[in-house]
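>>> give me coordinates for this.
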Amino acid sequence: MQSLLSAMYEDLKSNGYTNRKLAKRFDVSHTTVNSYFKETSEFDFMHFVESLRLHKPNNINYRRECVKKMFEQLTPVNERVAMEVLNMYGEYGLQKQLTAKIINSVKTTKNARINKKIASIYDLLALRLSGRISNDDFFVETDKMRNSFKTSNNEAKILSGFAFIYAQLNFGDYRMVSQYTNQLKPMIDDVSKDTIRKSYSLRIKEMESMSAQRGNDLETARKLCFEIINDETNPYDCMKSLAYCTLAETHMMDYEKAYYFLEQSFATLPIITNKKLLNRKGFIKNTLDFLNIVHEKNLDKINPSSLAEKAHLYAKIGKEKEAIIILEELEKKYGSLSPFQKYYKGLATGDKRFFEESIADFEKTGDFFYISLPKMALK
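So this is what the prediction gives:
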């Protein structure tokens, strides 16, 4: 490991990344950075990954191999940092290797028991973010975990809370987010490990920005998004990309502004190296398709990958029958239509009943931003 650290240190230095520059980026002292590379103190996993990204920005396989080597040297606290960082980067293959190592460990210390519980939560979160579990099943598994979960560990409680909030967001229920994030904030403040505390705080900010946008508190949503984007110590470019996308949504009724922020969202998204990034790219594209359809721009050029947005497009270009067929198939498959899809069905059929149902459903989920679409259609 020392040869790796020495080579990385020399390369970073030759590219202008001095100890002081790295210290500012990591929000630590320059002496701490020096101790990382000389192995006189443990290299915080978040800072190790960031250093690797600066060292070999275009070689994901090399970085993954280095991370695997790092697994063997992690202390219990740094194991928790590693699980959080890998989950946030969408490196679920590496995360699974680490969580399996932790769960299968024969150690019975207090830290070992805590890390086993935390590992099980990260495994569940990875299933959701990689799309390998349905929204219904994720909700059931989260509820089951929370009901059987007995721990006094702060981090485990916080992660359990995150899982619950994500389960609500899966169903578009934005009313609950503010209530539960406010409960978690004091707990996060008490997390002793700085990089874990930082990452948890960024997760909260991301949740709150999306919730504020849907709650039509646009000033708060924009403020939070810019805080995420402009935070020099935020290592998660994927999160910054989503913040730009949320900013675009806050300007959804202003085509030029929304389009600008979506361009920034695409530009900020890292090179696609895993399923999370691929899904994020698809989400941004879907938002761009939605923007174009709402404003009736480039309708002859777009080809939505989302069936719902394809129905939305058809409803706008005179292919009402095709739109209705798609929406009926979606309703048959999922048992009901979302508030957006009911709005699209109203556009396709001209039946105001679907707009009224869409309004009622948006109200139930606390979405007071997009509720304006069916309301305008009724005027």
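>>> which secondary element of the chain has the worst mean pLDDT?
helix 135-148 (a mean of 88; mean pLDDT, DSSP states H and E).
>>> count of neighbours near the residue nearest to D189 when sequence neighbours are not counted?
With C-beta to C-beta, 6 or more residues apart in numbering as the criterion, D189 has its nearest non-adjacent residue at 7.4 Å, and that residue is R197. In this view, the C-beta of every residue, glycine as well, is placed from N, C-alpha and C. Around R197 there are 16 other residues, counting by other C-beta atoms under 10 Å.
>>> looking at it, V77 is touching K193, isn't it?
Yes. Applying C-beta atoms under 8 Å, one finds V77 in contact with K193, separated by 5.6 Å.
>>> okay, and the one residue sitting closest to the centre of the chain sits in which element?
Nearest to the mean C-alpha position of the chain, by C-alpha atoms, centre = their mean, lies M239 at 6.1 Å. If you go by DSSP states H and E, M239 is part of helix 237-250.
>>> neighbouring contacts of that helix?
With contacts defined as C-beta atoms under 8 Å, 6 or more residues apart in numbering, helix 237-250 is touched by 88-90, 202, 206, 209-210, 213, 218, 221-222, 224-226, 228-229, 234, 257-262, 264-266, 268-270, 276-277, 280, 283-284, 287, 291, 369.
>>> which positions in that helix come out as buried?
Buried residues in helix 237-250, counted by 16 or more other C-beta atoms under 10 Å: 238-250.
>>> following element in sequence after it, please.
Assignment by DSSP H and E places the next element after helix 237-250 at helix 255-268.
>>> just want the angle from the helix or strand following that next one to helix 237-250.
Downstream of helix 255-268, the first helix or strand assigned by DSSP H and E is helix 275-294. Angle, helix 275-294 to helix 237-250, by axes from the mean of the first three to the mean of the last three C-alpha atoms, to 10 degrees: 10 degrees.
>>> ok now helix 275-294, how far from the chain's centre?
Centroid separation for helix 275-294 versus its chain: 14 Å, with C-alpha atoms, centre = their mean, to the nearest Å.
>>> pull that helix out as CSV, backbone CA atoms only.
Output of helix 275-294 as CSV, limited to C-alpha atoms (Å, rounded to 0.1, in the frame of the first residue of the first chain):
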residue,chain,number,x,y,z
LYS,A,275,-26.0,1.5,-12.8
LYS,A,276,-26.7,4.5,-10.5
LEU,A,277,-25.1,7.0,-12.9
LEU,A,278,-26.9,5.3,-15.8
ASN,A,279,-30.2,5.7,-14.0
ARG,A,280,-29.4,9.3,-13.1
LYS,A,281,-28.7,10.1,-16.8
GLY,A,282,-32.1,8.5,-17.7
PHE,A,283,-33.8,10.6,-15.1
ILE,A,284,-32.3,13.8,-16.4
LYS,A,285,-33.3,12.9,-20.0
ASN,A,286,-36.8,12.1,-18.8
THR,A,287,-37.0,15.5,-17.2
LEU,A,288,-35.8,17.1,-20.4
ASP,A,289,-38.4,15.2,-22.4
PHE,A,290,-41.1,16.4,-19.9
LEU,A,291,-39.9,20.0,-20.3
ASN,A,292,-40.1,19.9,-24.0
ILE,A,293,-43.6,18.3,-24.0
VAL,A,294,-45.0,20.7,-21.5
